[in-house]
Structures are given as C-alpha cells and as structure tokens.
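Asks: A predicted structure for the sequence below; I have some questions about it.
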Amino acid sequence: MDDPATLFDLSGKTALVTGASSGLGRRAAIVLANAGASVVAVARREDALRHLEKEIGERVAVVSADVADRGNLSELTEAVSAPFGAPDILVHAAGLNTRQAADDVTAEGWDETVAVNLSAPFFLSQSLVPAMKARKWGRIVNFASLQTFRAFPGGIAYGASKGAVGQMTRAMAEAWSPFGINANAIGPGFFPTELTQLVFDDSERAARNAAQTCIGRNGRLEDIDGPLLFLCSSASDYVTGQVLMVDGGFTAK
C-alpha cells in the first residue's frame with residue numbers, strides 16, 4: 001500500500017497541460033507543479049504563458065502552439081518532449097465553444113469546435129502514448145463538460161464534441177490501460193473561466209446555475225485541485241475510463 005503522505009506526490013513525473021494560458025488549464029499547470037511535477041504548458045497565447053512561467057518558475061516550460069493544427073503534430077510532440085522528456089501525464093484542458101444555435105451552426109464553427117475539443121486530445125495522446133507504454137505508466141485526463149450529459153441552448157457543436165469526449169475516454173481506457181495508461185475525464189460544472197465569462201457576467205443566470213447544484217454554489221478554481229491530483233497520481237491506479245463530474249451535484253439533480 002502506498003504511503004498516504006506520498007499518494008498524490010508527482011515528483012519525478014512530467015505533465016503536459018494544454019489550454020494552460022487561462023482558466024482551468026492554467027490552474028491545472030500550477031497544481032501539478034506544486035505537487036512536484038515538471039510541467040509543459042501549451043497554449044496559443046505566448047504572453048499569457050510567459051506570465052504563467054514567471055509564477056511557477058523553473059518547474060515549468062512553455063510551448064506556444066495551436067493544438068488543433070494536426071499538420072504540426074510531429075513538431076508539437078517534439079517540442080513538448082524536449083524540456084523534461086516525454087510526458088507521463090496528459091491534461092487536455094484546451095477548449096472552444098462557439099455558442100452557435102442549432103439553426104446557425106456553420107461548417108467552420110463545427111469543424112473548429114471538434115478539432116480543439118475532440119481531435120486534438122486524441123491525436124496528441126496517440127502521438128505520446130508510445131513513450132508511456134515503454135514506461136508502463138501514464139495518465140490521460142480529458143476535459144468533459146456538463147454538456148457531455150446535458151443539452152444547453154446554443155451548445156450543439158460544443159455538446160456534441162464533449163459527448164464524444166466521454167466515449168473517447170472510455171475507448172482510450174480500453175485501448176491503453178492494459179499498458180499501464182489510465183484514461184479518465186473531469187467534467188467541470190460552472191467555473192469562472194473565459195469560456196463561461198458570458199454566464200458569470202449575467203448575475204441572475206449565474207445564480208440560477210448555482211441553485212441547480214446540490215451544494216448551492218458555482219465552482220471555484222480551487223475545487224478542481226483534488227480531483228485533478230487524484231486522476232493524475234497513483235491514487236487512481238485502479239480507476240480508468242471514467243468521467244468524474246466536478247459540478248457540485250448539478251448533474252445529480
């Protein structure tokens with residue numbers, strides 16, 4: 001049995017976090033670094049990544065890239081493996097929500113949403129799994145959503161992609177867990193991030209969302225810390241193919 005004092009210790013591990021320039025991705029990078037991991041933070045906005053680098057220090061390396069650019073996948077794989085070696089932990093927090101109503105969805109908006117939310121985490125994982133197989137240990141944490149299970153107005157493309165993330169997570173577990181690579185997903189409720197800024201700007205809407213949870217409030221960034229560390233560490237050795245909803249009980253009601 002692992003020592004409870006070291007169960008969530010990530011010392012000696014390398015974690016890749018996409019969408020690390022803001023919101024839950026940024027929080028994930030900080031949390032994993034504080035737990036001892038060397039972190040490679042990936043996002044498109046280099047200026048925001050540099051701010052993160054200053055905050056975390058030498059335990060983080062930053063890579064400015066568009067994870068949805070599949071033509072650049074081999075270069076991205078090399079770039080994220082260069083600072084600390086091939087990652088042991090993948091946290092796919094990059095996300096896009098075009099908020100187009102069903103009648104107004106464009107082919108471009110649909111394709112962009114699926115590329116960021118679904119295709120990027122799969123193909124980047126596929127590219128990095130061989131190194132995990134060689135070590136016989138790995139963690140993949142995808143980001144699901146309330147819309148993995150619920151339909152929201154203006155969310156058909158986003159919801160379709162996040163519903164698919166749930167199934168992709170199960171399929172990743174079926175394919176790769178025999179090699180020591182556990183794949184799970186976190187499904188955040190309403191957290192104050194750039195993706196949900198429109199919701200939180202409307203105080204009445206934010207209050208309605210809070211009232212729909214069992215706990216009675218919306219999420220705070222620190223609410224993601226424990227679930228993330230659980231899924232990224234040896235604490236979750238026998239947990240794979242699951243979607244862990246971190247939503248205050250929103251989906252329970």
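Replies: Perfect, thanks for sending it.
Asks: show me where the protein has its strands.
Replies: 14-18, 38-43, 60-64, 89-92, 138-143, 181-188, 243-246 (DSSP state E).
Asks: run through who's touching the third one.
Replies: What it means is strand 60-64. Strand 60-64 is contacted by residues 20, 29, 33, 38-46, 49-50, 52-53, 76, 79-80, 82-84 when judged by Cβ atoms under 8 Å, 6 or more residues apart in numbering. Any C-beta I mention is one placed from the backbone N, CA and C, and that applies to glycine too.
Asks: tell me, how many residues neighbour Glu174?
Replies: By other Cβ atoms under 10 Å, 12 other residues sit near Glu174.
Asks: Gly241 is in contact with that one, correct?
Replies: Yes: in this structure Glu174 lies within contact range of Gly241 using Cβ atoms under 8 Å: 6.9 Å.
Asks: any idea how far Ile140 is from the residue lying closest to Gly23 once chain neighbours are set aside?
Replies: Leaving aside its chain neighbours, Gly23 sits nearest to Thr193 (3.2 Å; criterion: Cβ to Cβ, 6 or more residues apart in numbering). According to Cβ to Cβ, to the nearest Å, Thr193 stands 21 Å off from Ile140.
Asks: neighbour-wise, which of the two wins?
Replies: Neighbours were counted for Thr193 and for Ile140 using other Cβ under 10 Å; Ile140 has more, 31 against 21.
Asks: residues contacting that one?
Replies: By Cβ under 8 Å, 6+ apart, the contact set of Ile140 is Ile89, Leu90, His92, Pro121, Ser125, Thr169, Met172, Trp176, Ile181, Asn182, Ala183, Asn184.
Asks: 6 Å instead, please
Replies: Neighbour list for Ile140: Leu90, Ser125, Met172, Ala183 [criterion: Cβ atoms under 6 Å, 6 or more residues apart in numbering].
Asks: the second one: neighbour count?
Replies: Looking back up the chat, that one is Ser125. Neighbours of Ser125 using other Cβ under 10 Å come to 21.
Asks: cool, and the third one?
Replies: In terms of burial, Met172 registers 24 neighbours under the definition other Cβ under 10 Å.
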